[in-house]
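Student: with the input below, show me the fold.
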Amino acid sequence: MKENYENEMKLEFISKSANEAFARITIAAFASQLDPTIEELADIKTAVSEAVTNCIIHGYEDKTGIVKINAKLKDNEIIIEISDQGKGIENVQIAKEPLYTTKPNLERSGMGFTIMESFMDNVHIESILGLGTKIVMTKKIKIRSEDSEEIEILTKE
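Tutor: The predicted structure is shown next:
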């Protein structure tokens with residue numbers, strides 16, 4: 001049974017660092033349909049940036065591969081799935097630990113998963129060695145009424 005989404009998009013690009021900004025901006029434009037705040041949009045962009053960078057740096061390392069993004073909107077929530085067919089993660093639990101990095105020589109901070117988890121409502125990671133990794137992140141966008149914005153503007157003046 002296929003779920004009904006209000007909207008859905010798919011994006012594929014090669015694993016070049018230059019495409020990280022393209023992915024971040026594309027998802028931000030898609031998410032804007034939910035009328036997020038600047039802060040909510042920044043959270044989404046940051047999480048997407050971290051996930052895509054992980055695919056490029058860790059998933060494919062020095063090889064070129066395809067990064068896939070599938071984003072869906074449903075009930076004022078964005079669901080973002082980012083996947084690669086790279087080398088996979090040996091131990092997801094260890095990889096999620098703050099400051100853990102397999103690339104200290106590249107000055108990686110080891111905070112990618114921590115950042116994703118702090119900016120999104122839910123982050124789910126699936127990885128199989130030799131087959132790749134899929135990250136599914138969700139964020140609920142708070143519904144703001146027009147009245148509350150007008151009241152906020154009036155009280156600031």
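
Student: could I get the full set of helices for this structure?
Tutor: In the chain, the segments counted as helices under DSSP state H are 18-31, 38-54, 92-95, 112-119, 146-156.

Student: out of those, which gets nearest to I82?
Tutor: Proximity to I82 (Cβ to Cβ) singles out helix 38-54 among those, at 4.3 Å. Heads up, the C-betas are built off the backbone N, CA and C, glycines and all.

Student: check which residues of the closest one are buried.
Tutor: Within helix 38-54, the residues scored as buried using 16 or more other Cβ atoms under 10 Å are 40-41, 43-54.

Student: ok, the residues you listed vs I66, which is closest?
Tutor: Distances from I66 to the buried residues of helix 38-54, taken by Cβ to Cβ, are shortest for V52, at 11.9 Å.

Student: so the closest one makes contact with V67?
Tutor: Yes - with contact defined as Cβ atoms under 8 Å, V52 reaches V67; the gap is 6.0 Å.

Student: list of residues touching stretch 5-18?
Tutor: If you take Cβ atoms under 8 Å, 6 or more residues apart in numbering as the criterion, stretch 5-18 is touched by 19, 22-23, 26-27, 30, 33, 53, 55-56, 59-60, 63-75, 84, 86.

Student: pull out the buried residues from these.
Tutor: Going by neighbour count (16+ other Cβ under 10 Å), these have 19, 23, 26-27, 30, 53, 55-56, 59-60, 65, 67-73, 84, 86 buried.

Student: looking at those, which are in strands?
Tutor: Using DSSP state E, the subset of the buried ones among the contacts of stretch 5-18 located in strands is 67-73, 84.

Student: and the furthest pair within those residues?
Tutor: Largest separation among those by Cβ to Cβ: L73 and D84, giving 23.2 Å.

Student: for the protein, name the helix or strand with the lowest mean pLDDT.
Tutor: Within the chain, no helix or strand scores below helix 146-156, which has a mean of 53 by mean pLDDT, DSSP states H and E.

Student: pLDDT below threshold where in this structure?
Tutor: For the chain, the stretches flagged by pLDDT under 70 are 1-2, 94, 96-111, 145-157.

Student: middle-most residue in it, spatially?
Tutor: V48 (2.8 Å; Cα atoms, centre = their mean).

Student: that residue and I27 touch, don't they?
Tutor: Yes - assessed by Cβ under 8 Å, V48 is found in contact with I27 at 4.8 Å.
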